[in-house]
Each structure stands twice: as structure tokens, then as C-alpha cells.
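Novice: Output the structure for:
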Amino acid sequence: MDLFCQWVINSWVENLAVLTGIIYIILSVKQRVSCWFFGIASSILYFFVFFQSQIYADMLLQVYYVLVGIYGWIHWAGVDASMSMIFLPITRLSKSNKLYLLFFTCIMMVGIAQFLIYFTDSPVPWLDALTTSLSVTATWMLARKVLEHWIIWVIVDLIYIGLFYYRGLFPSILLFLVYTALAIVGYFEWIKQWKKNQSSPAIL
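Specialist: Just a heads-up that it's a prediction; the model follows:
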């Protein structure tokens, strides 16, 4: 019991990041604007967790998350001409935009990996680059409320589970197991909502 309490005390930043991260993903499934507040908080905490664990690309990714979180917060909480809240509809990617995003993600992954190899002591540069580039793409898609972002998150979350096990970040393994399950739930919840809203724009 004493060892457990000491572990909780020593890992309080990671544990708080896990808690705020779980709240964030639950609220995003429900399409609540408040999800961005918890997402930003979790990203700030994870910046320090990843720095200590030498996962540098994901550390810098948290800065991107904060910026996109602010953008997503504003975009989701849009206002119309009368300054009242409007509901941002769920959209889907066109075939051409899927190719553009795939190309952009691959280029970004190669660039990040080369930076990590030559300028840091990252022990997993290619894996770190892969998760970072996919996360950048998925987060942008979430901010734009694109349905397919959930599919990317399932892939990313499963990779992260292996990475966190390798780096000994066990509370984060729990978080990303929850993330994986909620991403699957989120996909089916969002696709039901999208089908109900066929009169709204369906293609991004």
C-alpha cells in the first residue's frame, strides 16, 4: 500500500493528465464544446510527462494540441450573425482530400523521424514520428468535426499502448485503452448523427 501511495504521488502529473484526457475524449464523443478545455489541460500536463520520458516528438506535439485545441474550441463554439450559438455539423472527407492528407502525413512522418535521428537521443524515432504525424492529422480532423478522425485514433492509440509499455508509462496505457474503446464508440455515435443530418454538408 505504501508503495502504491508513493507511486501515485510521484506520478501525479501523469495521473492528472490521464484523468483530464479521459474526460476530454468522453466529451468529444458527445460533441460537447467543453471537451477542448480538458484536452488543452491534458496536453499541457503530457508535455512534461513526455519530456521526462524522452519522447520528444510527442512532447512537441502537445504544443500543437494546445493550439489546435484553442482553434477547435472557437470553431465548435461558432456564432451566427445574431451572435447565438450554432451547431457544427459532422462532415466526411472527399476521396481527393483523403489522398492529400495521406501524402501530407507521410511527408511529415519522414521529416520528424529525420529530425529525431540527427538532433535528439530518442530511442524510438520512427515510431515516435509515426504517432506524432498521425496525431497531427487526426487532431485537425477532429477540430473540423470530420468523422474519419476516429479511425485514425484507433490506430494511433494501439501504437501508443506499445510505446508506453516500452517506456514504462503504465498509467498512460490505461488511458489509451480507454481512448481506443471510446474512439470505436465515437465513430459509431458520430456516423449515426451524420446519417440523421443528411441535409447538412456531407463532404469537407
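Novice: dump the residue contacts of residue 106.
Specialist: By C-beta atoms under 8 Å, 6 or more residues apart in numbering, the contact list for residue 106 reads residue 133. From N, CA and C alone the C-beta is placed, and that goes for glycine too.
Novice: What of the one 10 residues further on?
Specialist: By C-beta under 8 Å, 6+ apart, residue 116 lies in contact with 56, 57, 122, 125, 128, 129.
Novice: Among those residues, name the ones in helices.
Specialist: 56, 57, 125, 128, 129 (DSSP state H).
Novice: Residue 34: which of the contacts of residue 116 is nearest?
Specialist: residue 57 (28.3 Å; C-beta to C-beta).
Novice: how near is that closest one to residue 33?
Specialist: Distance, residue 57 to residue 33, by C-beta to C-beta, to the nearest Å: 29 Å.
Novice: more crowded one of the two?
Specialist: Shown here are residue 57 and residue 33; by other C-beta atoms under 10 Å, residue 57 has more neighbours (24 against 17).
Novice: wait, doesn't the more buried one sit right on residue 124?
Specialist: No: using C-beta atoms under 8 Å as the test, residue 57 is too far from residue 124 to be in contact (9.4 Å).
Novice: Quick one: the helices in this protein, in order.
Specialist: Under DSSP H, the chain gives helices at 2-10, 12-29, 35-53, 56-76, 95-119, 125-143, 149-167, 170-196.
Novice: Could you dump those into JSON lines and include distance to residue 88 and mean pLDDT?
Specialist: JSON lines is the format used below for the helices of the chain (distance: least, C-beta to C-beta, whole Å; pLDDT from 0 to 100):
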{"stretch": "helix 2-10", "distance to residue 88": "38", "mean pLDDT": "47"}
{"stretch": "helix 12-29", "distance to residue 88": "12", "mean pLDDT": "88"}
{"stretch": "helix 35-53", "distance to residue 88": "12", "mean pLDDT": "90"}
{"stretch": "helix 56-76", "distance to residue 88": "5", "mean pLDDT": "87"}
{"stretch": "helix 95-119", "distance to residue 88": "18", "mean pLDDT": "92"}
{"stretch": "helix 125-143", "distance to residue 88": "10", "mean pLDDT": "90"}
{"stretch": "helix 149-167", "distance to residue 88": "14", "mean pLDDT": "89"}
{"stretch": "helix 170-196", "distance to residue 88": "11", "mean pLDDT": "88"}
